[in-house]
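*Asks:* Test case, fold it:
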Amino acid sequence: MNPLRNLARVMLSSMFVTGGLDALLHPEPMAPLAEDVARQAAAPLPGVPEQDTELLIRANGALQVTAGVLLALGRFPRLAALSLAASLVPTTLAGHRFWEQRDEAQRQQQQIEFLKNTSMFGGLILAAIDTEGRPGLAWRTRHAVDHAEAAVRRTRRDARRAAKAAKVGRATARAKLVS
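*Replies:* Below you'll find the predicted structure:
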């Protein structure tokens, strides 16, 4: 495996592991910021309490720690990157609402954080589509279909040849009987 790819995965996952641990251990400071987003995120999920924002923050933190460690170790990296990207959306929407800030310095700081998360989201998407130089699932599927189609064509051609040979064989046999 490419050492640069390993290093990049560790670097990309480091923010999620540390941030996820913080969310797991100290969700209280984040709860007021996450109220609206947590309520909206929990609404479509059956059995998830909408009022327990701290529980949702902890769950998101646990997901970030788990997926971050998996990405850093190169275990299920594509799934881990997709999971981290999914967890980043509510985190960004809850924590970095720069458009709601009145103070210009606060607005600018939150906009920087928002854009940082957007950049990390892009990196996670790249990590999620990285096949490490091996053919991806789409290529393998197309390749298998192409091989199957070629096998069908060969079988059809061979069947036609066999039928033609059988027809010639019957005609030859009839001609010998007649003579």
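*Asks:* any idea how far residue 39 is from residue 143?
*Replies:* Distance of residue 39 to residue 143, computed by CB to CB, to the nearest Å: 46 Å. To be clear about C-beta, it is placed using only N, CA and C from the backbone, and glycine gets the same treatment.
*Asks:* again with residue 56
*Replies:* Taking CB to CB, one finds residue 56 at 42 Å from residue 143.
*Asks:* Same drill for these two, tell me which one is more crowded.
*Replies:* residue 56 (25 against 11; other CB atoms under 10 Å).
*Asks:* May I ask which helix or strand encompasses the more buried one?
*Replies:* helix 53-73 (DSSP states H and E).
*Asks:* Send me that helix as CSV with only the CA atoms.
*Replies:* Coordinates of each C-alpha in helix 53-73 appear next as CSV, following Å, rounded to 0.1, in the frame of the first residue of the first chain:
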residue,chain,number,x,y,z
THR,A,53,-29.7,16.4,22.0
GLU,A,54,-26.8,15.3,24.1
LEU,A,55,-27.5,11.6,23.2
LEU,A,56,-27.5,12.5,19.5
ILE,A,57,-24.2,14.5,19.9
ARG,A,58,-22.6,11.5,21.7
ALA,A,59,-23.9,9.1,19.0
ASN,A,60,-22.4,11.4,16.3
GLY,A,61,-19.2,11.5,18.3
ALA,A,62,-19.1,7.7,18.6
LEU,A,63,-19.6,7.4,14.9
GLN,A,64,-16.7,9.9,14.2
VAL,A,65,-14.3,8.1,16.6
THR,A,66,-15.1,4.7,15.1
ALA,A,67,-15.1,5.7,11.5
GLY,A,68,-12.0,7.9,12.1
VAL,A,69,-10.0,5.0,13.6
LEU,A,70,-11.1,2.7,10.8
LEU,A,71,-10.0,5.2,8.2
ALA,A,72,-6.7,5.8,9.9
LEU,A,73,-6.0,2.1,10.0
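*Asks:* which residues are contacting it?
*Replies:* 9-10, 12-17, 19-24, 27-28, 30-31, 34-35, 38-39, 41-42, 48-49, 76-77, 79-81, 83-84, 87, 90-91, 127 (CB atoms under 8 Å, 6 or more residues apart in numbering).
*Asks:* And the helix or strand harbouring residue 127, what does it pack against?
*Replies:* Taking DSSP H and E as the definition, residue 127 sits inside helix 104-129. Judged by 3 or more CB pairs under 8 Å, 6 or more residues apart in numbering; DSSP states H and E, the packing partners of helix 104-129 are helix 3-25, helix 77-95.
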